[in-house]
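Enquirer: got a sequence here, can you build the structure:
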Amino acid sequence: MAGKTFRILMHGGAINPADPLFTERLLAAANHGFRLLRDGGTALDAVAAAVAAAEDDPIFNAGTGAHLNLAGQAEMDASIMNGADLGAGAVGCITRVRNPVLVARRVMEESDHVLLVGPASVRFARLMEVPDYDPVTEQRQREYDEAVRQVRRGERVPGRSEHWPKLRRWLEHAANMADTVGAVAVDGAGNVAAATSSGGFPLKMPGRIGDTPVIGAGTYADNDKGAVSVTGQGEAVLKLVLAKAVCDLMGAGAAPEAAAQAAVAEWNRRFRSVPVALVALDREGRPGAARNVDLTPHVEISGPDGAVRRNWCIPN
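Expert: Numbers count the residues shown, from 1 in each chain. All right, here's what the predicted structure looks like:
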């Protein structure tokens, strides 16, 4: 597909508002990747740059501004995949780094592994000379403090098993506030790539890993099929291995829009009102997107002229 249009798509979280504030900030992040594509860069470089830019923007729940878990920590997940050779890297429950997606890329390129988690992922980051960084913002700390007060108004400190139902009801509400960021891109040589990053949902249990760092669930890319990044309730995404499922549909000949909509239709059959959204590109570089919520900012920039689309996808 050399010489054809290059393109990058991003989503900004399953339920972040698709309003000018979120959309324009997401578009600014996508432009970091598009500029690389325009200058002849790879799809892999583009998705890494775009997602890293979103991680640097505290408005999103990824990197700086990640939500805090029950222990008051920002445990973050990220993954990246290169469709040209199925290279993949991911980190789960990583703390005290600025850009989890860039550490995930180092896992892919400078280790024999795909996924590193917890303290080991932090040690690896330091080995890669990634400096210590506190991603917790004042806003996220305030949100955490208020969330803990809500739970404690149930009469007990979190962690007492006899009061878990009360805590869990709050957590089920909180689980609908996930707002991951992700990107898919196709470059001028026809290679595709995908990357996703998330802080998870507020007050998740320490050690919780969602779909974002699991290759095939939150992120997948294969030049023979396409590229997908997913956002939504991570536990449900894991059960459907959603990103790979959409790629398989595209590999079987479905257009990206049809594949994305079919996947969300199956999701709705299984999980009803649980939120989900995704962006996709097929091996020809054609775009697709789907969502089952009224929100979800999403953008597309395509070359060579930098044409922009904003929030075009109708909820399924």
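Enquirer: what sits against residue 195?
Expert: 47-48, 50-51, 78-81, 101, 104, 182-183, 219, 229 (CB atoms under 8 Å, 6 or more residues apart in numbering). Using the backbone N, CA and C atoms, a C-beta is placed for each residue, glycine as well.
Enquirer: can I assume residue 230 sits in a helix?
Expert: No. Counting by DSSP: H, G, I helix; E, B strand; the rest coil, residue 230 is not found in a helix; it is strand.
Enquirer: picking up where we left off before, export the contacts of residue 195 as JSON lines, with columns for distance to residue 267 and pLDDT.
Expert: Below are the contacts of residue 195 laid out as JSON lines (distance: CB to CB, whole Å; pLDDT from 0 to 100):
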{"residue": "47", "distance to residue 267": "23", "pLDDT": "98"}
{"residue": "48", "distance to residue 267": "27", "pLDDT": "99"}
{"residue": "50", "distance to residue 267": "25", "pLDDT": "98"}
{"residue": "51", "distance to residue 267": "23", "pLDDT": "98"}
{"residue": "78", "distance to residue 267": "23", "pLDDT": "98"}
{"residue": "79", "distance to residue 267": "20", "pLDDT": "98"}
{"residue": "80", "distance to residue 267": "24", "pLDDT": "99"}
{"residue": "81", "distance to residue 267": "21", "pLDDT": "99"}
{"residue": "101", "distance to residue 267": "25", "pLDDT": "99"}
{"residue": "104", "distance to residue 267": "25", "pLDDT": "99"}
{"residue": "182", "distance to residue 267": "16", "pLDDT": "98"}
{"residue": "183", "distance to residue 267": "21", "pLDDT": "98"}
{"residue": "219", "distance to residue 267": "17", "pLDDT": "98"}
{"residue": "229", "distance to residue 267": "15", "pLDDT": "98"}
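Enquirer: just the residues you listed: which are in helices?
Expert: In helices, defined here by DSSP state H, the members of the contacts of residue 195 are 47-48, 50-51, 101, 104.
Enquirer: closest to residue 131 out of the residues you listed?
Expert: Using CB to CB, residue 101 comes nearest to residue 131 of the ones in helices among the contacts of residue 195, at 15.9 Å.
Enquirer: now distance to residue 90 and neighbour count too, for the contacts of residue 195, in a markdown table please.
Expert: A markdown table is the format used below for the contacts of residue 195 (distance: CB to CB, whole Å; neighbours: other CB atoms under 10 Å):
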| residue | distance to residue 90 | neighbour count |
| --- | --- | --- |
| 47 | 13 | 35 |
| 48 | 13 | 25 |
| 50 | 17 | 33 |
| 51 | 12 | 36 |
| 78 | 7 | 36 |
| 79 | 4 | 36 |
| 80 | 7 | 34 |
| 81 | 9 | 31 |
| 101 | 9 | 33 |
| 104 | 5 | 33 |
| 182 | 13 | 34 |
| 183 | 15 | 35 |
| 219 | 8 | 32 |
| 229 | 13 | 34 |
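Enquirer: possible to save the residues you listed as TSV with distance to residue 306?
Expert: Converted to TSV, these look like this (distance: CB to CB, whole Å):
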residue	distance to residue 306
47	17
48	20
50	14
51	19
78	27
79	27
80	24
81	25
101	23
104	27
182	21
183	16
219	25
229	21
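Enquirer: picking up where we left off before, closest to residue 18 out of the ones in helices among the contacts of residue 195?
Expert: residue 50 (17.8 Å).
Enquirer: host element of the closest residue to the closest one other than its chain neighbours?
Expert: Nearest non-adjacent residue to residue 50, counting by CB to CB, 6 or more residues apart in numbering: residue 33, 3.3 Å away. In this structure, residue 33 sits in helix 20-38 according to DSSP states H and E.
Enquirer: packing partners of that helix?
Expert: Contacts defined by 3 or more CB pairs under 8 Å, 6 or more residues apart in numbering; DSSP states H and E place helix 20-38 against strand 7-11, helix 43-55, strand 181-186, strand 298-302, strand 307-310.
Enquirer: now with 6 Å?
Expert: In terms of contacts (3 or more CB pairs under 6 Å, 6 or more residues apart in numbering; DSSP states H and E), helix 20-38 is packed against strand 7-11, helix 43-55, strand 298-302.
Enquirer: adding distance to residue 89, write the ones you listed out as CSV.
Expert: Conversion of the helices and strands packed on helix 20-38 to CSV gives the following (distance: least, CB to CB, whole Å):
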stretch, distance to residue 89
strand 7-11, 19
helix 43-55, 10
strand 298-302, 24
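Enquirer: lowest-confidence helix or strand of the protein?
Expert: helix 164-174 (a mean of 50; mean pLDDT, DSSP states H and E).
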